[in-house]
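Engineer: Quick check, what structure comes out for this input:
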Amino acid sequence: MTGVKKKKIAVFIDGSNFYFKVRTLTRQKTNFTLFDYQGLIKELVGTDARVVHAGYYVGVVRAKGGSTKAAELRKHQQQLFDQLRLQKLTVVTGFLMQHDGKYFEKGVDVRIAVDIVSGAYEKQYDEAILISSDTDLLPAVTKAQSRGRPVHYVGFSHQPSLAMVSRCSTSRLLTEKDILKFSRSHRKTIKIKRFDED
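Structural biologist: Residues are numbered from 1 along each chain as shown. This is a model prediction of the structure:
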């Protein structure tokens, strides 16, 4: 007996957006290096679909000029990347530029948008889950949906994007309780399994 073909789901995580939204949502500090990203993705995707792409998009810190702060940030970011790859996520990088002591991402939203649109045109996925409240991604969302590829918005209950809610196929707003469920401080161990394992 042939099994029911599962929907192919692509998951796009805007790393910087996720970091700042979670940091302002939770009352206690979240350890992003030990966060169970795969667990969150599996809950969002459900059991009647399979993940064909799980991308974490972020600007890379470049340690230059002997900057102690930059070196420390890069060290923590590399630890995060190691954990993401261990959890079977693809790390997709842009640039992190420094100006007047502040860091700004360059090219990250473009990488997300290109992957959403190209994946839709090339039929790499049936549906997409976008964890980002960046409205700059709405043209890519609209284009993907015009190709028959629904995009589901995942935002945050304390700072939802009304434009994303109205333009995406469906929306889910994560609460503090949702985030804490996948925080290492609330889970003694994180069992790593491949996305295609039951």
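Engineer: and Leu130, helix, strand or coil?
Structural biologist: Assigned with DSSP: H, G, I helix; E, B strand; the rest coil, Leu130 falls in the strand class.
Engineer: What distance do you get for Val165 to Lys21?
Structural biologist: Val165 sits 15 Å away from Lys21, taking CB to CB, to the nearest Å as the criterion. Quick note: C-beta positions are derived from backbone N, CA and C, even for glycine.
Engineer: ignore the last one, Gly15
Structural biologist: Taking CB to CB, one finds Gly15 at 11 Å from Lys21.
Engineer: Show me which helix runs longest in the chain.
Structural biologist: The single longest helix within the chain, with elements called by DSSP state H, is helix 68-86.
Engineer: and that one, which residues are buried?
Structural biologist: Going by neighbour count (16 or more other CB atoms under 10 Å), the buried part of helix 68-86 is Ala70, Leu73, Arg74, Gln77, Leu80, Phe81, Gln83, Leu84.
Engineer: which secondary structure element contains Tyr56?
Structural biologist: Using DSSP states H and E, Tyr56 maps to strand 49-60.
Engineer: Check which element follows the helix-or-strand element of the chain with minimal mean pLDDT along the chain.
Structural biologist: Here the helix or strand of the chain ranked lowest by mean pLDDT, DSSP states H and E is strand 102-106, holding a mean of 65. Next helix or strand after strand 102-106 toward the C-terminus (DSSP H and E): helix 108-121.
Engineer: how distant is that next one from the center of its chain?
Structural biologist: Centre-to-centre, helix 108-121 and its host chain are 13 Å apart (CA atoms, centre = their mean, to the nearest Å).
Engineer: Taking their axis directions, the strand holding Tyr56 and helix 108-121 sit at what angle?
Structural biologist: With axes from the mean of the first three to the mean of the last three CA atoms, to 10 degrees defining the directions, strand 49-60 sits at 150 degrees from helix 108-121.
Engineer: Compute the inter-axis angle for strand 49-60 and helix 68-86.
Structural biologist: For strand 49-60 against helix 68-86, the angle by the same axes, to 10 degrees is 170 degrees.
Engineer: Give me the helices and strands touching strand 49-60, please.
Structural biologist: Secondary-structure packing of strand 49-60 (3 or more CB pairs under 8 Å, 6 or more residues apart in numbering; DSSP states H and E): strand 7-14, helix 15-25, helix 37-45, helix 68-86, strand 90-99, strand 102-106, helix 108-121.
Engineer: Try it again at 7 Å.
Structural biologist: strand 7-14, helix 15-25, helix 37-45, strand 90-99, helix 108-121 (3 or more CB pairs under 7 Å, 6 or more residues apart in numbering; DSSP states H and E).
Engineer: buried stuff in the second one?
Structural biologist: For helix 15-25, burial by neighbour count (16+ other CB under 10 Å) applies to Gly15, Ser16, Asn17, Phe18, Lys21, Val22, Leu25.
Engineer: Which residues does it contact?
Structural biologist: For helix 15-25, the surrounding residues in contact (CB atoms under 7 Å, 6 or more residues apart in numbering) are 30, 32, 56-59, 105, 108, 131-134, 156, 158-159, 176, 179.
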